[in-house]
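Engineer: Sequence first, predicted coordinates after that:
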Amino acid sequence: QKEVEQDPGPLSVPEGAIVSLNCTYSNSAFQYFMWYRQYSRKGPELLMYTYSSGNKEDGRFTAQVDKSSKYISLFIRDSQPSDSATYLCAMSARGSARQLTFGSGTQLTVLP
Amino acid sequence: DTAVSQTPKYLVTQMGNDKSIKCEQNLGHDTMYWYKQDSKKFLKIMFSYNNKELIINETVPNRFSPKSPDKAHLNLHINSLELGDSAVYFCASNSWEETQYFGPGTRLLVL
C-alpha cells in the first residue's frame, strides 16, 4: 500500500462546477500538506500549503486537512478551463525542506 | 529570470549510453532535489543536497550519481542507460521550511 493514495481520475467537469480532489495517507507523522498543480509538459507549481488540521482558503481554492481521518481535500470553486491540469497532493513529516511524499495525481479537465 | 532551470529539456539516447542533466537555481536556496516522474505522473524523490551535502538518497540504482558543485547547482549523471530510465526528471529547490520550487523537467527517452 502506498503512503499516499490519490484517485488518478481522469475527472471532467463543466465550467463553473465545484471540483473536489482528495488524498488519503497512512503515515501519522505527516504534518505539512501541499497541493501542486502541474500543467502538461510543465513542472509542478505550488497551489496550497497547510500545516496540521483545518481549512485554508485562497481565492477559488480551499484546502482542508483532517488528520484524524488522514484525509486531505482541495476544492476549486467556479472552475475554469484554465484549471485543467494534473493536481498532485504532497505531504511531509517536517516542513517541505525534507522529503515530500506525493500522491499519483488527479487529471482534471474543465470543459467550456 | 527563471527560478529553477534544467538542461536539456529533451534527451533522446540509446540504451547503454551515459548522459547528464544539469540544474541551476537562482533563488538563493540551500537545498536541491532530483525527482523522477513516471508515465503515470507518479513523482518520486531520488536525491537531495543541502549546502552541497547529500541528505536524501533513496533507493536508486547506483548508475545514478548526483553531483553538487555549489549550492546553486545540482547535476545528475546516469551511466549505462536502460529502457526503464525513460521518464521526466525534475529538479527542485527550497530553503528550510519553505515550499519547494520545481524546474520545467527533462524528458528522457531511452531507445
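Structural biologist: Arrived safely, thanks for sending. Numbering: from 1, shown residues only, chains lettered A, B, ... in the order given.
Engineer: now residue A:57, what's its secondary structure?
Structural biologist: Per DSSP: H, G, I helix; E, B strand; the rest coil, the local secondary structure of residue A:57 is strand.
Engineer: tally of neighbours for it?
Structural biologist: 12 (other Cβ atoms under 10 Å in any protein chain shown). Where C-beta positions appear, they are placed from N, C-alpha and C, glycine not excepted.
Engineer: next one: residue A:30
Structural biologist: By other Cβ under 10 Å, neighbour count at residue A:30 equals 21.
Engineer: Run through the residues that contact the nearest residue to it once chain neighbours are set aside.
Structural biologist: Nearest residue to residue A:30 in three dimensions, chain neighbours excluded: residue A:91, at 4.2 Å (Cβ to Cβ, 6 or more residues apart in numbering or on different chains). Counting by Cβ atoms under 8 Å, 6 or more residues apart in numbering or on different chains, residue A:91 touches A:4, A:23, A:25, A:27, A:30, A:32, A:33, A:34, A:72, A:100, A:101.
Engineer: tally of neighbours for the third one?
Structural biologist: Per other Cβ under 10 Å, the neighbour tally for residue A:25 reads 22.
Engineer: which ones are touching the closest residue to residue B:27 other than its chain neighbours?
Structural biologist: Distances taken as Cβ to Cβ, 6+ apart place residue B:3 nearest to residue B:27, at 5.3 Å, with adjacent residues excluded. Taking Cβ under 8 Å, 6+ apart, we find residue B:3 in contact with B:25, B:26, B:27, B:101.
Engineer: pLDDT score for residue B:3?
Structural biologist: Here, the pLDDT recorded for residue B:3 equals 90.
Engineer: For it, give its distance to chain A.
Structural biologist: 10 Å (Cβ to the nearest Cβ, to the nearest Å).
Engineer: Also residue B:106?
Structural biologist: Distance from residue B:106 to chain A, by Cβ to the nearest Cβ: 10 Å.
Engineer: got a list of what that residue touches?
Structural biologist: If you count contacts by Cβ under 8 Å, 6+ apart, residue B:106 has them with B:6, B:7, B:8, B:9, B:10, B:11, B:21, B:88, B:89, B:90.
Engineer: Those residues of chain A touching chain B, which are they?
Structural biologist: Where chain A comes near chain B, counting by Cβ under 8 Å from any Cβ of the partner chain, the residues are A:8, A:34, A:36, A:38, A:41-46, A:49, A:86, A:88, A:90, A:95-100, A:102, A:104-105, A:107.
Engineer: What's the nearest residue in chain B when you look at chain A?
Structural biologist: Distance from chain A to each residue of chain B (Cβ to the nearest Cβ) is smallest for residue B:102, at 3.6 Å.
Engineer: which phi and psi does the nearest residue to that residue once chain neighbours are set aside have?
Structural biologist: Of all residues not flanking residue B:102 in the chain, residue A:43 sits nearest, at 3.6 Å (Cβ to Cβ, 6+ apart). Residue A:43 adopts backbone torsions of phi -80, psi 160, taken as degrees, to the nearest 10.
Engineer: Nearest the middle, which residue of chain B would you pick?
Structural biologist: Central residue of chain B (Cα atoms, centre = their mean): residue B:34, 3.4 Å from the mean position.
Engineer: Would you confirm that that one contacts residue B:74?
Structural biologist: Yes. Between residue B:34 and residue B:74 there is a contact under Cβ atoms under 8 Å: 6.8 Å.
Engineer: Give me the common contacts of those two.
Structural biologist: Common neighbours of residue B:34 and residue B:74 (Cβ under 8 Å, 6+ apart) are B:23, B:47, B:66, B:91.
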